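K.L.:
Need coordinates for the following:
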Amino acid sequence: MSRGESGNESDRRRVAVGVSSGAWIVLAAVVVAVGFGLYRALTDGHFRGTHRISESEASVSEPATPWDAVLAAIPGAELGERATLLQFSSAFCAPCRATRRILADVAAVVPGVVHVEVDAEHHLGLVRSLGVLRTPTTLVVDAKGREVTRASGAPRKEQVIAALGSA
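P.N.:
Below is the predicted model:
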């Protein structure tokens, strides 16, 4: 075997190693992306319980309930007899439009339930005080103005109706 032939073989091995390590990187990136997508698909739009705020954590200047904060920001808002579906949305949010339709349908079907939509861009103080991190976010507020549960993302109609059972 001459030197030229062995040099070509080692070059081929180096190229093969480079291609396979690049392929592993691409494969790892795809696996991470698919995993994140599955996580989002499983958690997006699901209602979760809210944490209780103890009296020592609550500031004297903060409103007593989330609904008090909503009334301070939007004076004409009305609380439902049974529950209120409080939706935070933004103008260019496609899932917000679907959420608006679903919540309006549920409010029309379930007696005593009202749907209130809040434009997050125009009520940033309210968004911050209620801890809304993304749109759409839906809060289920009971008849006394307390937050029962919330969902980030677009919920399905069945999930909204089930969440109203806890209000």
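
K.L.:
which residue packs closest to Thr137, ignoring adjacent ones?
P.N.:
Phe88 (4.6 Å; C-beta to C-beta, 6 or more residues apart in numbering). (Each C-beta comes from the backbone N, C-alpha and C, glycine too.)

K.L.:
need the contact list for the one you found.
P.N.:
Applying C-beta atoms under 8 Å, 6 or more residues apart in numbering to Phe88 gives the contacts Val118, Ala120, Val127, Leu130, Val132, Thr135, Pro136, Thr137, Thr138, Leu139.

K.L.:
The last one: neighbouring residues, count only.
P.N.:
This points to Leu139. Number of residues near Leu139 (other C-beta atoms under 10 Å) recorded here: 25.

K.L.:
ok, now how distant is Thr43 from Ile74?
P.N.:
29 Å (C-beta to C-beta, to the nearest Å).

K.L.:
Ok, Thr84 next?
P.N.:
Distance from Thr84 to Ile74, by C-beta to C-beta: 12 Å.

K.L.:
More neighbours: those two, which one.
P.N.:
More crowded of Thr84 and Ile74, by other C-beta under 10 Å: Thr84, with 27 against 16.

K.L.:
Excluding covalently adjacent residues, which one is nearest to the more buried one?
P.N.:
Val141 (4.4 Å).

K.L.:
per-residue confidence at the one you found?
P.N.:
Val141 carries a pLDDT value of 91.

K.L.:
who's it bridged to?
P.N.:
Thr84, Glu147 (DSSP bridges).

K.L.:
surely it meets Arg82?
P.N.:
No: the pair Val141 / Arg82 is not scored as a contact, 10.4 Å apart, by C-beta atoms under 8 Å.

K.L.:
Find the residues that touch each one of these two.
P.N.:
Common neighbours of Val141 and Arg82 (C-beta under 8 Å, 6+ apart) are Ala167.

K.L.:
Tell me how far Thr137 lies from Ala29.
P.N.:
For Thr137, the distance to Ala29 - C-beta to C-beta - is 30 Å.

K.L.:
my bad, should have said Thr138
P.N.:
Where Ala29 is concerned, Thr138 sits at a distance of 33 Å (C-beta to C-beta).

K.L.:
With that, I have no additional questions.
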